[in-house]
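In: here is a sequence with its predicted model. Questions after.
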Amino acid sequence: MKKLLYILIFFPIFSFSQEFKIEHKANDDKTVDFRYQKSKPNSITAILEFSFMSNTSSQRTIVQKLNKSQGNFITLKPTNSDENIGFNYTYKYFNQTINPTLDEDFVYILPYKKGTKMNVEELDYLGEKYSNKKKPKGWKAYSFKSDVPQEIYPTRKGIVIEVINNHQPDLTKTYSFYNKMNSVKVEHSDGTIAKYSGFDKLKIYVKPGDIVYPQINKLGETTVFDNRGFHLINFSISYINTKSGVNISSLKTNEQLENVYVSPRFFENGQTIILKKGFPYISDYDEETLFQNFSKRQIKKYKKGKPID
């Protein structure tokens, strides 16, 4: 009888603790199930590699993009049903969906309450400005400014994957920028991630794992930026791609990955627009825009005034 051989090796990317694992189970019918578990709400890209296989015809490298907390990764089937399958395997994983298929027709809703006006500026890439670093591909980030506190909403449906709420601005000083801001990250169904920065640390209303909807779930409220007294929320959308010439199945480290930024199109005054710096914009939406990514059940609940789960 052939023994089942295995090796487990972890290569966590963008993480500092074990948050993902793959385990196998041999079944009575000689098949072998490989199941995964992940502890955090963000999607991951996992790569399972077999250095040795016998009595099965499976591919040697399997790449899966995973959103659920657990499930079946792959089932190996024996070529000869009277014998066990032999194998050695390793796996690695990367936080986020790599090389996602973007919903390029998506129309976003401005991240503040309907009817509210905020001024928009475009943000420079500080790494390029102060550290001579190359600007990320497609760099685009906005700052929405107001003289008063504002409630901030997600621009589209998604799942909260990160909350940072341990920064307090020094209101005795004037800043051109600072990089330590309270923030919320929301992952969307197409693998893009929106980052919202500029919250009052005591007024963030979501936690990792929460499903949030535009104009329904408040992410939080803005804080004063500095001694000038204005409020802002910085906003960007990005995703992860493999660098040119890198095949995802041979991916080894995060140095082979790159951030790519999205120039979102927003709904405003009945039209779809690209924001221009230096202009004020009023948050608005219609039902078609609001209900993007909603299920029929969720739309019915919303129209009946019931909470959406």
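Out: Structure's in. What do you need? Residues are numbered from 1 along each chain as shown.
In: a strand runs through K185, doesn't it?
Out: Yes: note on K185: a strand contains this position according to DSSP: H, G, I helix; E, B strand; the rest coil.
In: show me where the stretch 1-150 of the chain has its helices.
Out: 126-131 (DSSP state H, counting those that start in this stretch).
In: which stretches of it form strands?
Out: 12-13, 20-26, 32-38, 44-54, 61-66, 70-76, 86-95, 107-108, 117-122, 141-146 (DSSP state E, counting those that start in this stretch).
In: can I get these in a markdown table with mean neighbour count, distance to L219 and mean pLDDT?
Out: C-beta coordinates here come from the backbone N, C-alpha and C atoms, glycine included. Converted to a markdown table, the strands of the stretch 1-150 of the chain look like this (neighbours: other CB atoms under 10 Å; distance: least, CB to CB, whole Å; pLDDT from 0 to 100):
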| stretch | mean neighbour count | distance to L219 | mean pLDDT |
| --- | --- | --- | --- |
| strand 12-13 | 16 | 26 | 40 |
| strand 20-26 | 16 | 26 | 96 |
| strand 32-38 | 18 | 23 | 97 |
| strand 44-54 | 18 | 23 | 96 |
| strand 61-66 | 16 | 25 | 97 |
| strand 70-76 | 15 | 27 | 97 |
| strand 86-95 | 20 | 21 | 95 |
| strand 107-108 | 22 | 14 | 98 |
| strand 117-122 | 16 | 15 | 95 |
| strand 141-146 | 21 | 13 | 96 |
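In: got the domain boundaries for this protein?
Out: 12-95, 107-292 (automatic domain parsing).
In: could the strands of the stretch 1-150 of the chain go into JSON lines alongside distance to N182?
Out: As requested, the strands of the stretch 1-150 of the chain are arranged in JSON lines below (distance: least, CB to CB, whole Å):
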{"stretch": "strand 12-13", "distance to N182": "25"}
{"stretch": "strand 20-26", "distance to N182": "27"}
{"stretch": "strand 32-38", "distance to N182": "26"}
{"stretch": "strand 44-54", "distance to N182": "25"}
{"stretch": "strand 61-66", "distance to N182": "29"}
{"stretch": "strand 70-76", "distance to N182": "31"}
{"stretch": "strand 86-95", "distance to N182": "21"}
{"stretch": "strand 107-108", "distance to N182": "22"}
{"stretch": "strand 117-122", "distance to N182": "18"}
{"stretch": "strand 141-146", "distance to N182": "15"}
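In: tell me which of the ones you listed sits nearest to E288.
Out: strand 107-108 (8.4 Å; CB to CB).
In: where does pLDDT dip in the chain?
Out: Counting by pLDDT under 70, the low-confidence segments of the chain come to 1-17.
In: sorry, back to before: a markdown table for the domains of the chain, including distance to K306?
Out: Conversion of those to a markdown table gives the following (distance: least, CB to CB, whole Å):
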| stretch | distance to K306 |
| --- | --- |
| domain 12-95 | 24 |
| domain 107-292 | 11 |
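In: nearest to K301, of those?
Out: Of all the domains of the chain, domain 107-292 comes closest under CB to CB, at 10.6 Å.
In: chain center to the closest one: distance?
Out: Its chain's C-alpha centre and that of domain 107-292 lie 12 Å apart, by CA atoms, centre = their mean, to the nearest Å.
In: just the endpoints, please. Distance across that domain?
Out: 8 Å (CA to CA, to the nearest Å).
In: and for stretch 58-77?
Out: 8 Å.
In: residues making contact with it?
Out: 22, 31-39, 43-51, 53, 56-57, 85, 87, 97-98, 100, 191, 248-250 (CB atoms under 8 Å, 6 or more residues apart in numbering).
In: do that again at 7 Å, thanks
Out: Contacts of stretch 58-77 with the rest of the structure, by CB atoms under 7 Å, 6 or more residues apart in numbering, involve 22, 31-38, 43-50, 53, 56, 85, 97, 248-249.
In: I figured E122 hits W139, correct?
Out: No: using CB atoms under 7 Å, E122 makes no contact with W139, being 9.5 Å away.
In: now do the buried residues in stretch 122-140.
Out: If you call a residue buried by 16 or more other CB atoms under 10 Å, then stretch 122-140 has these buried ones: 125, 136, 139-140.
In: same deal with stretch 219-237?
Out: In stretch 219-237, counting by 16+ other CB under 10 Å, buried: 219-223, 225, 231-237.
In: a markdown table for those, including secondary structure and distance to V212?
Out: Formatted as a markdown table, the buried residues of stretch 219-237 follow (DSSP: H, G, I helix; E, B strand; the rest coil; distance: CB to CB, whole Å):
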| residue | secondary structure | distance to V212 |
| --- | --- | --- |
| L219 | coil | 7 |
| G220 | strand | 11 |
| E221 | strand | 15 |
| T222 | strand | 17 |
| T223 | coil | 20 |
| F225 | coil | 24 |
| H231 | strand | 21 |
| L232 | strand | 20 |
| I233 | strand | 15 |
| N234 | strand | 18 |
| F235 | strand | 14 |
| S236 | strand | 17 |
| I237 | strand | 15 |
